[in-house]
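Colleague: Need a 3D model of the sequence below.
(one chain, ligands or ions: 2)
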Amino acid sequence: MNKLDDDKIRLLLVDDEEGFRSTISKRLTKRGMKPVQASDGKECLDILEKEPMDVVILDVKMPGISGIDTLKAIKQTHKKIQVILLTGNVAITDGIEGIKAGAFDYLTKPVEIDHLVNKIKQAFEMIRLEKEKQKELEYRAKLEKKMIDTDRLVSLGTMSTGIAHEINNPLAIINESAGFMKYILGTPEMLKIPRRDALMMGIGKIEKSIKRAGRITHQLLGHVKKQESTLSETDIMPLLHETLGLLEKDIKDKQIKINWEIDKKKNIVWIDPYQMRQVLMNLLNNAVHALKENGSITLTTSESNDDIILEIKDNGIGIPKENLGKIFDPFFTTKSFDEGTGLGLFVVHKIVSSLNGKIDVTSKVGKGTCFQLRLPKYDKSNK
Ligand SMILES: Nc1ncnc2c1ncn2[C@@H]1O[C@H](COP(=O)(O)OP(=O)(O)OP(=O)(O)O)[C@@H](O)[C@H]1O
Ligand SMILES: [Mg+2]
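Modeller: Ligands and ions are numbered 1, 2, ... in the order given. Now for the predicted structure:
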C-alpha cells in the first residue's frame, strides 16, 4: 500500500492522555494518515455515530467506559470496524480479553510508531479482504439462484412438453365425444328427456375446459411442431406486422396506438422466424391485455456489438414487484380461467434462451411494462 492509499484509511485515535494522543497523531500524520481524535469511550462512540471509520486505535485504560466495554459496543453496532487496542505492558490479559471480544490485535505501550502503522495497514487490508469476500459471496448466491432457476425451467420445459404431447390424443377423443353427445341431445327424440338442460350445461363445461387444455398444449407444443429449428437472417418488421394483424380486433376495440421506433437497419436478426412469431405473439398479446382503452404500445429497436435489442413497451397496468420473479414460471397467471394459461412467458423464455438471446423485464404498477429482447445479429458460431 502506498502513501496515497494510506490517507484513505478513516482512522480514530482514542486515548485519555492528551499528550500521548497528539504525539501519536503527529507521527501518523507525517506518515500520510489523518487520525480523528477522541478522549474517551463515550466521545469515541459519539463520533462513530456520525462519521464512518475503518480503524479505531483504542486505549484500554480510560476513565468512564473502559476500553474493553467501548470495544464491545463498537463490535455490536459497527461490525466492520477493526479495533487495535493499546494496553499497558503489565496488562497482557486486557489484550487477550480484547481479542476475544473481537479486537484485530493489541499493542503494548509505549508504542513503536512503525509497528502501529503496520498494524493499521494490516487491519485496513483485512477490511478490504472481507469486503471482497462479501461481494463474492453475494455474487455466488445470485449466480447459484439464477442457475437453479434456469435448470428448473429447462427440466420443467422438457417434462411439460412431453406431457402436453401425450394429452393431445385423449383431449381430441374427449372433444369428439362431447360433440357427439351434444349432437344426440339435439335430436328431436331427446328434446323431452328429463334433466336435458343439466346435461347440456355439463357438456358446455366440458367444452370450455377442453378449450383451455387445448390452449395449454398449443402453447407448449407450438414451438416443437416443426422438429428442427432453422435459423436464418430474419427481418423482424414483417413478423411484427403479421402478429399485430392477428391481434387487430383487440387493438381496434381498445383503440390502442402503436408507436414505431424501429430503425430499418437494426431489425435483422439470426433466428427461427417461426419461433420468433410465437415470441412476439405472446409478448404483444400480454401487452394488449394489460392495456385499457387508448393505451399505447411502443416498439423500439437498437443494437449492441452482437445483438439487436427489441423493446416492447406498454403503458398498461404493470406488474407488481412480488410477481416479477414469477412471470416466467409455467402456469403463473393473474388472468381468469378463460383468459390465460400462464404459459406464454414461460414459452417465450424457453425460445429466447434457445436462440442464444436474452429477455429482461422492467415494470411499474399503473405505469406500464417493458420487455427487452436481445437477439443475436448473426450466427456467431460461423464467425
Ligand atoms: N405486459 C404485461 N403487463 C402486465 N402484466 C403482464 C404483462 N405480461 C405479462 N404479465 C403478467 O405475467 C403473467 C404471466 O404471463 P404469461 O404470458 O406467461 O401468461 P398469461 O398471459 O397469464 O397466459 P397466456 O399467455 O397463456 O394467455 C400474466 O398473467 C400477467 O399477470
Ligand atoms: Mg400471456
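Colleague: Now do the contacts for the residue of the stretch 101-250 of the chain found nearest ligand 1.
Modeller: Relative to ligand 1, the nearest point of the stretch 101-250 of the chain is residue 219 (5.8 Å; Cβ to the nearest ligand atom). Yep, even glycine has a C-beta here, placed from its N, CA and C like the rest. Residue 219 makes contact with 282, 341, 343-344, 347, according to Cβ atoms under 8 Å, 6 or more residues apart in numbering.
Colleague: Sticking with it, tell me its helix or strand.
Modeller: Here residue 219, judged by DSSP states H and E, is contained in helix 196-222.
Colleague: now swap in residue 363 and tell me
Modeller: According to DSSP H and E, residue 363 maps onto strand 358-364.
Colleague: Which neighbours in the sheet does that strand have, and how are they oriented?
Modeller: strand 368-376 (antiparallel) (DSSP bridges).
Colleague: residues in contact with the partner strand?
Modeller: Outside strand 368-376, the residues that reach it (Cβ under 8 Å, 6+ apart) are 236, 269-271, 279, 283, 287, 290, 304, 306-316, 318-319, 352, 355-363.
Colleague: Any idea what the nearest residue to residue 319 once chain neighbours are set aside is bridged to?
Modeller: In space, and not counting its chain neighbours, residue 319 is closest to residue 363: 4.1 Å by Cβ to Cβ, 6 or more residues apart in numbering. Using DSSP bridges, the bridge partners assigned to residue 363 are residue 369.
Colleague: Return the subset of the contacts of residue 219 lying in strands.
Modeller: Assigned to strands by DSSP state E, none of the contacts of residue 219 qualify.
Colleague: buried subset of the residues you listed?
Modeller: Among the contacts of residue 219, those classed as buried by 16 or more other Cβ atoms under 10 Å are 282, 341, 343-344, 347.
Colleague: rewinding a little: need the per-residue pLDDT for the residue of the stretch 101-250 of the chain closest to ligand 1.
Modeller: Residue 219 is assigned a pLDDT of 76 by the prediction.
Colleague: ok now do the nearest residue to it once chain neighbours are set aside, which residues does it touch?
Modeller: For residue 219, ignoring the flanking residues on the chain, the nearest one in space by Cβ to Cβ, 6+ apart is residue 343 at 4.0 Å. Residues near residue 343 by Cβ under 8 Å, 6+ apart: 216, 219-220, 330-331.
Colleague: Mind doing that once more with 10 Å?
Modeller: Shown in contact with residue 343 (Cβ atoms under 10 Å, 6 or more residues apart in numbering): 160, 164, 215-220, 222, 282, 329-333, 350.
Colleague: buried set for the strand holding residue 363?
Modeller: By neighbour count, with 16+ other Cβ under 10 Å as the criterion, the buried positions of strand 358-364 are 359, 363.
Colleague: Give me the distance from it to the chain's centre.
Modeller: Its chain's C-alpha centre lies 10 Å from the corresponding centre of strand 358-364 when counted by Cα atoms, centre = their mean, to the nearest Å.
Colleague: That strand and ligand 2 in contact?
Modeller: No. Under the criterion of Cβ under 5 Å from the ion, strand 358-364 makes no contact with ligand 2; the nearest approach is 12.7 Å.
Colleague: What lies in contact with that strand?
Modeller: With Cβ under 10 Å, 6+ apart as the contact definition, strand 358-364 has outside contacts at 279, 283, 290, 307, 309-321, 323-324, 327-328, 345, 348-349, 351-353, 368-376.
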